[in-house]
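Q: Sharing a model that was predicted from the sequence below.
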Amino acid sequence: MKVFAIADVPSTAARDEIKRHLPDEVPATLKLYLDGKVDQFWYRDNKGPIFLMNFATLDKAKGILGSLPLVAGGLMTYEYLPVTPLSRSAC
């Protein structure tokens, strides 16, 4: 299953606290890419990343991203959008 995961950094999140977690967040995110869980990724200033991911279920995607340091620390959330290929029945 393909899933877009769109990050959001709440306005209440302390920037210093986010910066403190980045040395752990970046390698964990890179591992998801190298393991084939993240196909592509983009970054939006002051909003965080957008991932195009591969997971068997939406719950699995939520569990994996939920374990990332920024999410686990309450400094970032994700909106999840499962997507499928366009088909005739979708038109």
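A: That came in fine, so what should we check first?

Q: rest of the way, CA atoms for contacts and neighbours
A: Fine.

Q: pretty sure Glu79 is touching Val9, no?
A: No. Using Cα atoms under 8 Å, Glu79 makes no contact with Val9, being 11.2 Å away.

Q: which element follows the biggest helix by length in the chain toward the C-terminus?
A: In the chain, with assignment by DSSP state H, the single longest helix is helix 15-34. Later in the chain than helix 15-34, the nearest helix or strand by DSSP states H and E is strand 38-44.

Q: So which elements touch whichever helix or strand comes after that following strand?
A: Once the chain leaves strand 38-44, the next helix or strand it forms, by DSSP H and E, is strand 48-54. Here strand 48-54 touches strand 2-8, strand 38-44, going by 3 or more Cα pairs under 8 Å, 6 or more residues apart in numbering; DSSP states H and E.

Q: Return the most buried member of those.
A: The highest mean neighbour count among the helices and strands packed on strand 48-54, using mean count of other Cα atoms under 10 Å, belongs to strand 2-8: a mean of 20.

Q: Adjacent strands (with direction) for that one?
A: strand 48-54 (antiparallel), strand 77-83 (antiparallel) (DSSP bridges).

Q: Name the next helix or strand downstream of the first one, please.
A: So the one you mean is strand 48-54. Later in the chain than strand 48-54, the nearest helix or strand by DSSP H and E is helix 58-66.

Q: Averaged pLDDT, the following helix or strand past that next one. What do you get?
A: Once the chain leaves helix 58-66, the next helix or strand it forms, by DSSP H and E, is helix 69-72. In this model, helix 69-72 has a mean pLDDT of 96.

Q: Then stretch 17-37?
A: Here the average pLDDT along stretch 17-37 is 94.

Q: Return the set of buried residues in that stretch.
A: Buried residues in stretch 17-37, counted by 16 or more other Cα atoms under 10 Å: 18, 25, 28-29, 32-33, 37.

Q: Test my guess that Asp8 contacts Thr77.
A: Yes. Between Asp8 and Thr77 there is a contact at 5.3 Å, judged by Cα under 8 Å.
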